[in-house]
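[1] Return atomic coordinates for the entry below.
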Amino acid sequence: MVLAVDDEDLALNDLTWMLDQAEEIGEVLQARSGTEALRLLGSRTDIDALFLDIQMPGLTGVELGALLRNYREPPLIAFVTAHDRYAVEAFDLEACDYLLKPVDEARLEQTIRRILKARRDMVPADPVATLTCRVGNDSYTINRDDVSVVEAAGDLIRVHTLDGKSHLVRESISSLTAAWSASGFLRIHRSYLIRTDQVTTVRTKAGARTIEIQGRELPVSRRYTRLLEEHLGRGG
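    A predicted model of the protein is given here:
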């Protein structure tokens, strides 16, 4: 999930539209000020990257970027601005990229690839092999190999296991997508991450793709259809 931040509605909506066309982007949130962005970041754990305007009233993009350096796991930042004079400040904040307005789609694709590579480089050698679930004062672990489907549930995820049970876990679906993609898991929708060896059927109904897994039929969003076909080696 990414957050687009700009105080100009036209620029914000144009950037959001372009980001929403990218198959690699699960969901795009908007904020119209640095303060609103900071509030969103404080209430959510699943924002992986910011596309951040620099010149904004109140809290500027550079000031917000400096605040985010205090986070234990700060989101990646790509600055977006009409001026190139802030480039040095941006890269002092270890920004992934620096885009000039009006944003070119091909240039934006380069930035998205750069962010994805940075995300992959952040994943540890043995990424999140277990999840911790807490119920009251008790906690227990769920092994990755026992998981069939991960479903977004607001700020949490619902983990469905091979034994037919489900568990709420404080984790983001975006971070698990990055961590588990090398272990046979594939994002098929902004709300679903699946274990591909449990897929029994792939269907197309009225041009919409669905998969069946453990007796459940789940939607495959348009942006993930090609990735699913490539992974399963199935066409049409």
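[2] And the next helix or strand past the helix or strand of the chain with the lowest mean pLDDT?
    Ranked by mean pLDDT, DSSP states H and E, the helix or strand of the chain with the weakest confidence is helix 87-92, at a mean of 74. The element immediately downstream of helix 87-92 (helix or strand, assigned by DSSP states H and E) is strand 97-100.
[3] who does that next one pair up with?
    Counting by DSSP bridges, the strands paired with strand 97-100 are strand 76-81 (parallel).
[4] quick revisit: output the contacting helices and strands for the least confident helix or strand of the chain.
    helix 61-68, strand 97-100 (3 or more C-beta pairs under 8 Å, 6 or more residues apart in numbering; DSSP states H and E). Quick note: C-beta positions are derived from backbone N, CA and C, even for glycine.
[5] so residue 58 makes contact with residue 37?
    No - judged on C-beta atoms under 8 Å, residue 58 makes no contact with residue 37 at a distance of 10.8 Å.
[6] Between the two, which has more neighbouring residues?
    residue 37 (26 against 11; other C-beta atoms under 10 Å).
[7] still on that earlier bit, can you say which of the helices and strands packed on helix 87-92 is nearest to residue 150?
    Proximity to residue 150 (C-beta to C-beta) singles out helix 61-68 among those, at 26.3 Å.
[8] helices or strands next to the closest one in the packing?
    Against helix 61-68 (3+ C-beta pairs under 8 Å, 6+ apart) you get helix 34-43, strand 49-53, strand 76-81, helix 87-92.
[9] which parts of the least confident helix or strand of the chain are buried?
    Within helix 87-92, the residues scored as buried using 16 or more other C-beta atoms under 10 Å are 89-90.
[10] what distance separates that helix from the centre of its chain?
    25 Å (C-alpha atoms, centre = their mean, to the nearest Å).
[11] next one: phi and psi at residue 95?
    Backbone torsions of residue 95, given as degrees, to the nearest 10, read phi -70, psi 150.
[12] all helices of the chain, in order?
    Here the chain has its helices, by DSSP state H, at 9-21, 34-43, 61-68, 87-92, 105-122, 173-180, 222-232.
[13] May I see the helices and strands packed on helix 61-68 organised as JSON lines, with distance to residue 148 added?
    Below are the helices and strands packed on helix 61-68 laid out as JSON lines (distance: least, C-beta to C-beta, whole Å):
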{"stretch": "helix 34-43", "distance to residue 148": "29"}
{"stretch": "strand 49-53", "distance to residue 148": "28"}
{"stretch": "strand 76-81", "distance to residue 148": "30"}
{"stretch": "helix 87-92", "distance to residue 148": "42"}
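[14] Quick check: which of the ones you listed is nearest to residue 171?
    Within the helices and strands packed on helix 61-68, the stretch nearest residue 171 is helix 34-43; the backing value is 15.7 Å (C-beta to C-beta).
[15] Run the chain-centre distance for that closest one.
    That offset, for helix 34-43, works out to 17 Å (C-alpha atoms, centre = their mean).
[16] quick one: buried residues of it?
    For helix 34-43, using 16+ other C-beta under 10 Å, the buried residues are 34, 36-38, 40-41.
[17] low-confidence ranges in the protein?
    Scanning the chain for pLDDT under 70 picks out 123-127, 233-236.
[18] Break it down into its domains, please.
    If you go by automatic domain parsing, the domain ranges for the chain are 2-122, 130-232.
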